[in-house]
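In: below are the sequence and a predicted model; questions follow.
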Amino acid sequence: MKVSDFSVLFDYWDRFAEGFMNTLQASILALIGSFLLGTLIAVMRIAPVKPLNWLGTAYVEFIRNIPLLLVVFFFFLGLPSLGVPLDGFSAGTLGLTVYTASFIAEAIRAGIQSVPKGQSEAARSTGLTYGQTMRFVILPQAVKIVIPPLGNQFLNLVKNSSILGVVAGLDLMYYADSVNSDTFKTFAVYLLAAGFYLIITIPLSIAVHYAERRLAKSS
C-alpha cells in the first residue's frame, strides 16, 4: 500500500466528515435513549408489580437474544410496511437504542440489587413513595456501582453504530463504503474509518476509567 493512498482523506474529506458527525450524533442519541429506557426496564424488572416484572423480563430476554441487525430491520423495513416510514438514520438509531437498552437494563438491575435493602426500607419509612425511593435513593447508588459495565456498553454502542451503514444511515461506515466504491483503495479507506471511530471511543474509554478511579477514591 502506498502512502499516497491516504490522499482519499483529503479528496473525500466532506464524506468522511459528514459520516463522522452522523456517527457521533447517532451514538449520543442512542446512548441517552438507551440509558433512560434501560433504567426504566431495570426498575420494571424489580418493581413490586407482577405485570411490570413480566413485561420487563420479556423485553430483556427477547431483545438481548436476537441480532442487532434484525432489530434495525424491524424499524427500517417493518414499520414502513405498517405505514410508519423512517429513514436509515432514524431507524438505525432507534434500533441501536432499543437493543443496547436491554443490556443496560441488566447492568442497572444488578446495581439496584447490590444496594443494601436497608436503604430502601429507611427511605420508605420517611414517607417516600416507591418511585421517589428509586429515583432519589437507590438509582444514584446503583449507577455508581455499575459504571464499569455501563462504560463497556457505551463503547459497544459506538462500535455497533456501524450498523447504520447497512440501512443507508449516512454514518461513517456508509460513507467509507461509498469512498471505497469510488477509489478501490480498500485498506486505506477502512483504516481511516477505524481512526475516526477511535476518535470517539478512546476519549470515552478514558472518561470511563476516570469515573472508576473517582468512584474508588470516594468509596
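Out: Here it is on my side, so go on. Residues are numbered from 1 along each chain as shown.
In: which residues sit in contact with residue 108?
Out: 38-39, 42, 139, 142-143, 146, 150 (Cβ atoms under 8 Å, 6 or more residues apart in numbering). Every C-beta, even on glycine, is put in place using the N, C-alpha and C of the backbone.
In: a markdown table for those, including distance to residue 26 and secondary structure?
Out: Formatted as a markdown table, these follow (distance: Cβ to Cβ, whole Å; DSSP: H, G, I helix; E, B strand; the rest coil):
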| residue | distance to residue 26 | secondary structure |
| --- | --- | --- |
| 38 | 17 | helix |
| 39 | 20 | helix |
| 42 | 23 | helix |
| 139 | 26 | helix |
| 142 | 27 | helix |
| 143 | 23 | helix |
| 146 | 24 | coil |
| 150 | 19 | helix |
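In: hang on, residue 160 packs against residue 97?
Out: No - if you go by Cβ atoms under 8 Å, residue 160 and residue 97 don't touch, sitting 10.8 Å apart.
In: more neighbours, the two?
Out: residue 97 (23 against 19; other Cβ atoms under 10 Å).
In: if I look at that one, how far off is residue 41?
Out: 12 Å (Cβ to Cβ, to the nearest Å).
In: with residue 61 instead?
Out: In terms of Cβ to Cβ, residue 61 sits 11 Å off from residue 41.
In: what ranges in the chain fall below the confidence cut-off?
Out: For the chain, the stretches flagged by pLDDT under 70 are 1-5, 216, 218-219.
In: change it to 80
Out: Confidence mapping of the chain against pLDDT under 80 gives the ranges 1-6, 130, 215-219.
In: and the helices in it?
Out: 8-11, 13-46, 50-64, 68-73, 79-81, 88-114, 117-125, 130-133, 139-145, 147-160, 172-183, 186-218 (DSSP state H).
In: now the closest residue to residue 89 other than its chain neighbours: phi and psi?
Out: Distances taken as Cβ to Cβ, 6 or more residues apart in numbering place residue 169 nearest to residue 89, at 4.6 Å, with adjacent residues excluded. Dihedral pair for residue 169: phi -80, psi 10, per degrees, to the nearest 10.
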